[in-house]
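**Student:** sharing a sequence plus its predicted fold:
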Amino acid sequence: MTAHKPLVGQPVERVEDPRLLRGKGRYTDDIHREGMLHAAILRSAVAHGRILEIDATEARALPGVHSVLTADDLNSPVPCIPIRLFPNPKMDPFRQPVIATGKVRYVGEALAIVVADSAAIAEDALELISAEIEPLNAVADMETHSADKTLLFDGQDSNHVWKYDATLGEADKAFDGAHYTRRERFYVHRHTGITMETRGVVSEWDPVAGKMTCWGAAKVPYQNRKMLAEMLGLPEASVELVEGDTGGSFGVRGEFFPEDYLVPYAARLLNRPVKWIEDRREHLLAVSHARDVACDIEIACDADGRVLAIRANAVVDIGAYIRTATTITPRNVATCIPGPYRVPNFSSTVSLLVSNKSPTGTYRGPGRFEADFFRERMFDLVAADFGMDQVQFRRRNLLTEEELPHPLPSVSPDPHDSELDSGAYEEVLDRCLKKIGWEEKQSVQGQRIDGRYHGLAVGCFVEGGGAGPSENCRMVLEKDGMVSVYVGSSAVGQGLQTIMSQIAADAMELPLDRIRLFHGSTSFVKQGFGSFHSRSTVMGGNATLIAAKELKAQILGAGAKILQVSGEDVRYENGAVISNSGGSVGLDALGENGLSYEATFKNSKHTYSYGTHAVHVAVDSETGELELIDYVAIEDAGRIINPLTLHGQAVGSIVQGLGGALLEHLIYDSEGQLLVGTLADYLVPLATDFPNIRSESIALRRSPNHPLGAKGAGEGGTIPVGALIANSVAAALADFKVQPFDLPLSPDRIWRLIENASDT
Amino acid sequence: MKLPNFDYRAPASLDEAVGLLAANNDARIISGGQSLVPMLAFRLAYPSMLVDLRNIANLERIQITDDGLRVGARVRWCQIECDARLSDSHPLFQYMISHVAHYQIRNRGTVGGSLAHADPAAEMPGLAVVCDCNIIVVGSDGTRNIAAGDLFAGPLNTTLEQSEVITEVHFPAWPAQRRWAFIEIARRKGDFAMAGVAIYYDPDAHGKASNAHVGVIGVTATPQRLNEVEAAINGRTISEELIAEVKAIASGTVEPMSDIHAGADYRKSLVGTLSARAMRRAAGLEREAP
Amino acid sequence: MKFAVQFELNGDAVEVNVEPRMTLGDCIRHELGKTGTHIACEHGVCGACTVIVDNEAVRSCLTLAVQAQGSKVVTVEGLSDDDELTPLQKAFRKHHALQCGFCTPGMITTAHALLSAEPDANEERVRDVMSGNICRCTGYLSIIAAVMEARAAYRPQEEVSAE
């Protein structure tokens, strides 16, 4: 038997690819069920108002329409979407009802669901529903609703509905008598992870078995199953969420959305399968929005430019409701400002502000992209005050290896303490500087060459990953000698199937084609937690290792019996049980024994991949256009399972960050109307925009926090980008004394910064 | 975003098409569909019928004569891109069209369709105005000839009658010594221009500019000629001094629209900047590199 | 009312009866069951729905099914067989030019149309053409690399000289 060649660490081509390349993927809209009907959602065109009447008479009369349901038609009380992450009973008044009830609070909020023979007829019917809504003042910008003149929720006295505080050391004390302080206000605009596949649900009710099946689950199917079962009044075992192929997540998919209740509800009511596919206009409006954070940040330093303390006061515009993952961004803003730097004293207060905009959730590097922007922008301003260059200042303040593990600020309420695990921050900084040619490029810093101003910036970041609480993996030795691996992690495009197969194949010392990998569906393992916070490789991977260990032990037991030797006389090697006395038995002979094991890996310690990015831009001062001349990224992921897929994640992540910094913007007017209704207005990067990206993923320092040693990665590429672009623009336009405090940096905004700077 | 209901005809003759449009007040023409279908997807239009020109012959040729170009209304962008004759016969036409949208759109979108759609940020309407094109239309009252400047009434609005079908666009002949340039600024490749300036002039015997044409797209409700800029250029030699003058005049001469991508003041500034840069390029005064 | 439309899909003659408002993309997916072509925007911006009509890449969300009358339509399914990946598909896999796979069929059809007509396209041209297809996962570097590598397979094979 040939010795197993390790697959972990190899650029294994993805097992998912042949299917996807041939157009044989199975995404939600590819699903057809016998007798299936189609749903469309009537969405509010008013940002804030009291619902007076919804008249669906004409719509119900349209041939081909089976049903129109509003809040009045649903079982009372109308369920509210639970808070999955860091829930607190005091947040209850701000939870979203699955359909607008009494009031509407954002343009796009679901007012009714129509079910018809086709999606086109359902859409025709939407136009026949008249919704009478008494408009109320909309609160759609931070200044206005901070004034609390119009309240979104009756019985409350403010639109600031929640806050988090985080502390480390004693910030106020450190500020007293500090040699140097500076205070600024920064803002990161609203944008989000627009996925190529829009959302969708297909639901089917089996009245005989009393079972609800939903296709289109992604990211967190187990949690969503629990929520759905509770809302439908069904036992969890009677609800199955099936995950197929998913066209991207980036953190925004997998919320429990209103449609995740309304569609199954309609399916059960009508006793017909119902499909709902979100269209792009709805997606821009109703998928989780993200970012939209303002921060008042103060820094205190000693005479040598060492950071003594940072204080931050931030406001997160969370949109109209607190939804399943709303708490993450504010919590991360509260704790992630220090990043990989030594900030001995820190305090922050982050307020959650409701507004008449779409509810927000998580998006790649949630709260971290923003926190990085606030910190790294401040660092460049401070460095200049001290007459230090950008690198010198960072070098002086980066945590050394000896200082790790190092705690993050502690957040309250609902604390969840974390610490930076391991890392060689300065070494990676040096690698990045060398790769971009930082020293050599200093000669162009701030210079005008061929009509454009050149600027360079560098930034260091950490990416938190490996969130708990646990993950399951069930391994089964099948009759044919193949090993089936069922994981609770979800595939959202990140190559989960291949990564887990590599880990399983190595653990079982088998070639890749002897592994069958199943993911995401709730029937596969007893409990799963899905894919978010860069956790799948860490959590699912470790669970796989445990399952493999136990399964091998079972295999050895069964093999020893067949070989009629004692347990001590056998060993497992390359997919066979080998006896010391010479006999052997292969896995295909052991398949009848029904061997399997379901393992749970519990983890309470996060992992932190980290890195440095550097950028060289050229800015046309007359038009505000920016060109990315060079972008260099180095990230240490601790241990690399598949360098091919990791590199793909890194590059994709960086490009999304660039989209966020320069192009993407969910713009609302003062009436709460979203002004970007199409992909011609919400601008995502194209192949022509950022061709000059050089990204390197390395495995320098493993995470000591779990056996696999990998640090969750996949979001890091996005995290520092906003800060980097803003810092490079400031560096390029130093002659104009331009300092960006806000994102995005569109040509119009850069031009305006220059105009305004020359006016003063 | 499913389309609303409509009837559909694909007549074999122009007369039949005109008849259908005349008989159905809410009927609209579909040519390439690249501008119309998105409007239907957003339910911004509810035509009772679409009259497809796909089966009508003789609308798809580019003819080059001594008088200039005769471009059939159903000529697609890809044909223009690939027509080797145009690099001499009308280089500005070919160059501006290379900025239109993307590959797949260029395989379907048509000259007539773009003109009839009248998007202020599109290249074709601006091109037609700056090049003094004549547009031939056929309707129930017969054939008429519309000067490009008279075709556009406002954003997405033309002076065409309900039954009228654009059949051909005539470009005046392009002299070999003509100097020209076109520069546009868009957020990304293929996006609608935030501003674009096309310029050409004919050097006279003393090398001074004559017959200057300066057109702007993406800035005003309909494509405009910058007459004051043209007046400033005519009879002069192009110099850095003139370019600086032109920059100021151009900005001052437009009252731009504002939208989420570009404010009116930014657009005003762009018109000046792009006019100057286009002039410099047309005159061959540009230095190497971007 | 419905119209009978006859065209060729991946080499097979097909006939459908559809409302004029049905797009070619929806027709291919739901009337003809070929779900490889994906709908991602329905307003002609993202390119995921790209199919090849009479040898040209077009956006199937902007084409009415009735407009396909008499045409030759090829989708991603028609560009491969089940036995082996084509050189273009192999190049995509090698370069990890797909992650979630949703934009991929449109990338494949567009690249195939481009390389079939222009096997010597340079990187600028490739990038320019592929700019009509949006990807949110990969950041495009791997896609461009894959298309560039696949060019060799579209160039006419050199004649083997009889020596």
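**Tutor:** Thanks, I have the structure now.

**Student:** right, and the helix or strand after the helix or strand harbouring residue A:267?
**Tutor:** Using DSSP states H and E, residue A:267 sits in helix A:259-270. The first helix or strand that comes after helix A:259-270 along the chain, using DSSP H and E, is strand A:274-277.

**Student:** check which helices and strands whatever helix or strand comes next after that next one sits against.
**Tutor:** Next along the chain after strand A:274-277, taking DSSP H and E as the criterion, comes helix A:280-286. Applying 3 or more CB pairs under 8 Å, 6 or more residues apart in numbering or on different chains; DSSP states H and E, we find helix A:280-286 packed against strand A:37-43. For the C-beta atoms, the positions are set from N, CA and C on the backbone; glycine is no exception.

**Student:** before we move on, what SS does the residue lying closest to residue B:277 once chain neighbours are set aside have?
**Tutor:** What sits nearest to residue B:277 in space, not counting adjacent residues and going by CB to CB, 6 or more residues apart in numbering or on different chains, is residue B:183, at 5.4 Å. Secondary structure, DSSP: H, G, I helix; E, B strand; the rest coil: residue B:183 is strand.

**Student:** now swap in residue A:185 and tell me
**Tutor:** With three-state DSSP as the basis, residue A:185 sits in strand.

**Student:** is it true that it touches residue A:741?
**Tutor:** Yes - judged on CB atoms under 8 Å, residue A:185 makes contact with residue A:741 at a distance of 6.4 Å.

**Student:** more neighbours, those two?
**Tutor:** A direct count of neighbours by other CB atoms under 10 Å in any protein chain shown for residue A:185 and residue A:741 places residue A:741 higher, at 16 against 12.

**Student:** tell me who's in contact with the more buried one.
**Tutor:** A:184-187, A:377 (CB atoms under 8 Å, 6 or more residues apart in numbering or on different chains).

**Student:** which stretches of the stretch 401-550 of chain A form strands?
**Tutor:** Here the stretch 401-550 of chain A has its strands, by DSSP state E, counting those that start in this stretch, at A:406-407, A:410-412, A:419-420, A:448-449, A:452-465, A:470-477, A:483-487, A:515-519.

**Student:** need the ones you listed in JSON lines (columns: distance to chain B).
**Tutor:** Putting the strands of the stretch 401-550 of chain A into JSON lines (distance: least, CB to the nearest CB, whole Å) gives the following:
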{"stretch": "strand A:406-407", "distance to chain B": "41"}
{"stretch": "strand A:410-412", "distance to chain B": "36"}
{"stretch": "strand A:419-420", "distance to chain B": "38"}
{"stretch": "strand A:448-449", "distance to chain B": "9"}
{"stretch": "strand A:452-465", "distance to chain B": "8"}
{"stretch": "strand A:470-477", "distance to chain B": "38"}
{"stretch": "strand A:483-487", "distance to chain B": "36"}
{"stretch": "strand A:515-519", "distance to chain B": "31"}
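
**Student:** reformat those strands as JSON lines; add mean pLDDT, mean neighbour count and distance to residue C:53.
**Tutor:** Formatted as JSON lines, the strands of the stretch 401-550 of chain A follow (pLDDT from 0 to 100; neighbours: other CB atoms under 10 Å in any protein chain shown; distance: least, CB to CB, whole Å):
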{"stretch": "strand A:406-407", "mean pLDDT": "96", "mean neighbour count": "16", "distance to residue C:53": "60"}
{"stretch": "strand A:410-412", "mean pLDDT": "97", "mean neighbour count": "17", "distance to residue C:53": "56"}
{"stretch": "strand A:419-420", "mean pLDDT": "94", "mean neighbour count": "18", "distance to residue C:53": "55"}
{"stretch": "strand A:448-449", "mean pLDDT": "98", "mean neighbour count": "12", "distance to residue C:53": "46"}
{"stretch": "strand A:452-465", "mean pLDDT": "95", "mean neighbour count": "27", "distance to residue C:53": "42"}
{"stretch": "strand A:470-477", "mean pLDDT": "90", "mean neighbour count": "24", "distance to residue C:53": "46"}
{"stretch": "strand A:483-487", "mean pLDDT": "93", "mean neighbour count": "25", "distance to residue C:53": "41"}
{"stretch": "strand A:515-519", "mean pLDDT": "90", "mean neighbour count": "21", "distance to residue C:53": "36"}
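
**Student:** which one of these lies closest to chain C?
**Tutor:** strand A:515-519 (13.6 Å; CB to the nearest CB).

**Student:** so the closest one, near chain C or not?
**Tutor:** No - applying CB under 8 Å from any CB of the partner chain, one finds strand A:515-519 out of contact with chain C, separated by at least 13.6 Å.

**Student:** what residues are up against residue A:626?
**Tutor:** Contacts of residue A:626 by CB under 8 Å, 6+ apart are A:617-620, A:662, A:725, A:729, A:745, A:747, A:750.
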